[in-house]
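In: Pasting a predicted model and its sequence here:
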Amino acid sequence: MKETVEAAVLLPLYGCPDDPGLVFTERRADMRRHAGEISFPGGRRDPGDADLRATALRETQEEIGLDPATVELGEELPATDTFVTDYRVHPFVGRIPHPAELDLRPNPAEVETILTFSLEVLGESYEIRRLIRRGVPIHTPTYEVEGHLIWGATARILGDFLSIV
């Protein structure tokens, strides 16, 4: 049995309270893990990270160039596990200025593009779908916005967040 890998993601929340939204990344299609998927910025914990909050901030800066000093960290949501890659993902909510006010840039080694979606649109796009993954049919929560399908651990984290707000 593989050992679980500790990881952390940031849910970059902007526009509160008038028009709140979240920032996502679309991973490059040629990535070894989770290729082409929509996810929150984040990744595995490095030995030098003080804690998982530091992991979320470091990874977000590496992936989209978000300065940690612009993030007002909030609560940690329940951790979720990935089924194929054995990651335990710890999500943290962080309020940020509106992305239009920031100099966000996708890291070309990992991120295809940066996406922003309003919470209203995300909430309206929820659907349980039957997907085929590695030849196995699964029924899973999904969110489809502007042709982008959010599923898996990211959809479960998003569902937890939306149930709170």
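Out: Cool, the structure landed. Residues are numbered from 1 along each chain as shown.

In: Show the contacting residues for the residue nearest to the spatial centre of the chain.
Out: For the chain, the residue lying nearest the average C-alpha position, counting by CA atoms, centre = their mean, turns out to be Phe40 (1.4 Å). By CB atoms under 8 Å, 6 or more residues apart in numbering, the contact list for Phe40 reads Val9, Leu10, Leu11, Pro12, Leu22, Val23, Phe24, Thr25, Pro91, Thr154, Ile157. For glycine as for every other residue, the C-beta is placed from the backbone atoms N, C-alpha and C.

In: helices or strands up against the lowest-mean-pLDDT helix or strand in the chain?
Out: Lowest on mean pLDDT, DSSP states H and E among the helices and strands of the chain sits strand 126-133, with a mean of 86. Strand 126-133 sits against strand 136-145, with contacts defined as 3 or more CB pairs under 8 Å, 6 or more residues apart in numbering; DSSP states H and E.

In: On the pLDDT front, check Gly42 for me.
Out: In this prediction, Gly42 carries a pLDDT score of 97.

In: what are the pairing partners of the least confident helix or strand of the chain, and which direction each?
Out: For strand 126-133, the paired strands and their directions (DSSP bridges) read strand 136-145 (antiparallel).

In: Just give me how far the partner strand sits from the chain centre.
Out: Mean-position distance between strand 136-145 and its chain equals 16 Å (CA atoms, centre = their mean, to the nearest Å).

In: Tell me the buried residues in it?
Out: For strand 136-145, the neighbour count (16 or more other CB atoms under 10 Å) marks Pro141, Thr142, Tyr143, Val145 as buried.

In: could I get those as CSV with pLDDT and distance to Asp46?
Out: Formatted as CSV, the entries for the buried residues of strand 136-145 read as follows, by pLDDT from 0 to 100; distance: CB to CB, whole Å:
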residue, pLDDT, distance to Asp46
Pro141, 94, 30
Thr142, 94, 31
Tyr143, 97, 29
Val145, 96, 31
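
In: Quickly name whichever of those is closest to Pro99.
Out: Each of those was scored against Pro99 by CB to CB, and Val145 proved nearest at 15.4 Å.

In: wait, isn't that closest one in contact with Val121?
Out: Yes. Shown here, Val145 and Val121 form a contact pair, counting by CB atoms under 8 Å, at 5.7 Å.

In: Pull the contacting residues for Val9.
Out: Counting by CB under 8 Å, 6+ apart, Val9 has contacts Ser39, Phe40, Pro41, Gly42, Gly43, Ala56, Glu59, Val89, His90, Pro91, Phe92, Ile157.
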